[in-house]
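Undergrad: Need the 3D shape of this:
(one chain, ligands or ions: 2)
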Amino acid sequence: MTLDLFGEDDLQQPARIERIGAQAFVLRGFALPWVEAFLEAFDAILLKSPFRQMQTPGGFTMSARLSSCGALGWTSDGYGYRYSPLDPLNATAWPDMPAAFFEIADAAASTAGFAGFVPDAGLINTYSPGAKMSLHQDKNERRYESPIVSISLGLPAVFQFGGFGRSDPTQRISLFHGDVVVWGGVDRLRFHGVLPIKPGNHPILGEQRINITLRKAG
Ligand code: SIN
Ligand code: FE2
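TA: Residues are numbered from 1 along each chain as shown. Ligands and ions are numbered 1, 2, ... in the order given. I've put the predicted structure just below:
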C-alpha cells in the first residue's frame, strides 16, 4: 500500500523503490529523465547496428530483436551465446555506449547499493506484441561482481523474477515505461524472463517495448 503522505501532486511523490530480493530492486520511473537522451542515442546506434533476430544454440529464433552498444555486444547463433567486440552483421565495432547509459547505470546501481558500476555492454531489445524472453540467467559475463541494470521503455511487460533453478517459483512484476530493475550480489544469478507483450500503442514508442540491459561483461 502506498500512503498518501504528499497529497494529490504526483510531482511531490518520492521515487518508489520496491524490493524484490535481498539485493534486487525495482526503481519506478527512475529512467524518465533520460528518455529523450535514449531516443536520440537509439537513432545513432540502430543506424550502425540495426535490430536483428538471433538464433539460439538450440535452433530457435528469438522473438525479441536485439542490438548492442559499448565495447562488447551480446550475440547468439547456432554455436552458442557469447560477447563479441564486433557486430557480426558488419564485422566492425559496436556503436559507442552513449553518455546517458553510463549516467543511468551509475545512478541506478548506486541507488540499489552497488556503487561505481561502469558497464561495458549495452544490450537493446525490442519486443513487438507477442514477443517474449524465456526464463534465463545472465551468465555469459566474465565475472558476476557487477549488478545488472535493466531499463523498460514503451509498452508494459510482465517480468518474471525467479530463483536459482529454472523451475523455482517466480515473482511476476509489471514493468512500465521508465521503470528500472537492478539485481546483483546474492541475487545476481536469478532466473528472469518476460511474458509475451500484450498488444498496445505507447504514446512515445508506439507498438513496442524496448529494454536496455547494462552489464559489465569483460
Ligand atoms: C533480458 O533479460 O535480456 C531482458 C529483460 C527484459 O526485457 O526486461
Ligand atoms: Fe537477462
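Undergrad: The closest residue to ligand 1 within the chain bridge partners, please.
TA: Residue nearest to ligand 1 within the chain (CB to the nearest ligand atom): Asn211, separated by 3.2 Å. (C-beta placed from N, C-alpha, C; glycine too.) Beta-bridge partners recorded for Asn211 (DSSP bridges): Asn125, Ser152.
Undergrad: So it is in contact with Val149, correct?
TA: No. At 10.9 Å, Asn211 and Val149 do not qualify as touching, with contact defined as CB atoms under 8 Å.
Undergrad: more neighbours, these two?
TA: Val149 (30 against 22; other CB atoms under 10 Å).
Undergrad: so who does the closest residue to the more buried one other than its chain neighbours touch?
TA: Excluding the flanking residues, the one nearest Val149 by CB to CB, 6 or more residues apart in numbering is Leu214, at 4.3 Å. Residues in contact with Leu214 (CB atoms under 8 Å, 6 or more residues apart in numbering) are 101, 104-105, 117, 119, 121-123, 148-151.
Undergrad: Which of those residues are buried, as a PyMOL select command?
TA: Filtering the contacts of Leu214 down to the buried ones (16 or more other CB atoms under 10 Å) takes a single PyMOL command:
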select buried, resi 101+104+105+117+119+121+122+123+148+149+150+151
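Undergrad: Dump the contacts of Leu214 to CSV, plus pLDDT and distance to Leu47.
TA: Formatted as CSV, the contacts of Leu214 follow (pLDDT from 0 to 100; distance: CB to CB, whole Å):
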residue, pLDDT, distance to Leu47
Phe101, 98, 17
Ile104, 98, 22
Ala105, 98, 23
Phe117, 98, 27
Pro119, 98, 21
Ala121, 98, 20
Gly122, 98, 15
Leu123, 98, 17
Ile148, 98, 27
Val149, 98, 24
Ser150, 98, 24
Ile151, 98, 21
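Undergrad: could you give me the average pLDDT of the helix or strand hosting Leu47?
TA: Assigned by DSSP states H and E, Leu47 belongs to helix 35-48. Averaging pLDDT along helix 35-48 gives 98.
Undergrad: Show me what it packs onto, helices and strands only.
TA: If you count contacts as 3 or more CB pairs under 8 Å, 6 or more residues apart in numbering; DSSP states H and E, helix 35-48 packs onto strand 65-69, helix 99-111, strand 121-127, strand 148-154.
Undergrad: and the ones you listed as JSON lines, adding distance to ligand 1?
TA: Output for the helices and strands packed on helix 35-48, formatted as JSON lines (distance: least, CB to the nearest ligand atom, whole Å):
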{"stretch": "strand 65-69", "distance to ligand 1": "9"}
{"stretch": "helix 99-111", "distance to ligand 1": "14"}
{"stretch": "strand 121-127", "distance to ligand 1": "5"}
{"stretch": "strand 148-154", "distance to ligand 1": "5"}
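Undergrad: What I need now is those written out in CSV, including distance to Val35 for each item.
TA: Formatted as CSV, the helices and strands packed on helix 35-48 follow (distance: least, CB to CB, whole Å):
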stretch, distance to Val35
strand 65-69, 17
helix 99-111, 9
strand 121-127, 14
strand 148-154, 7
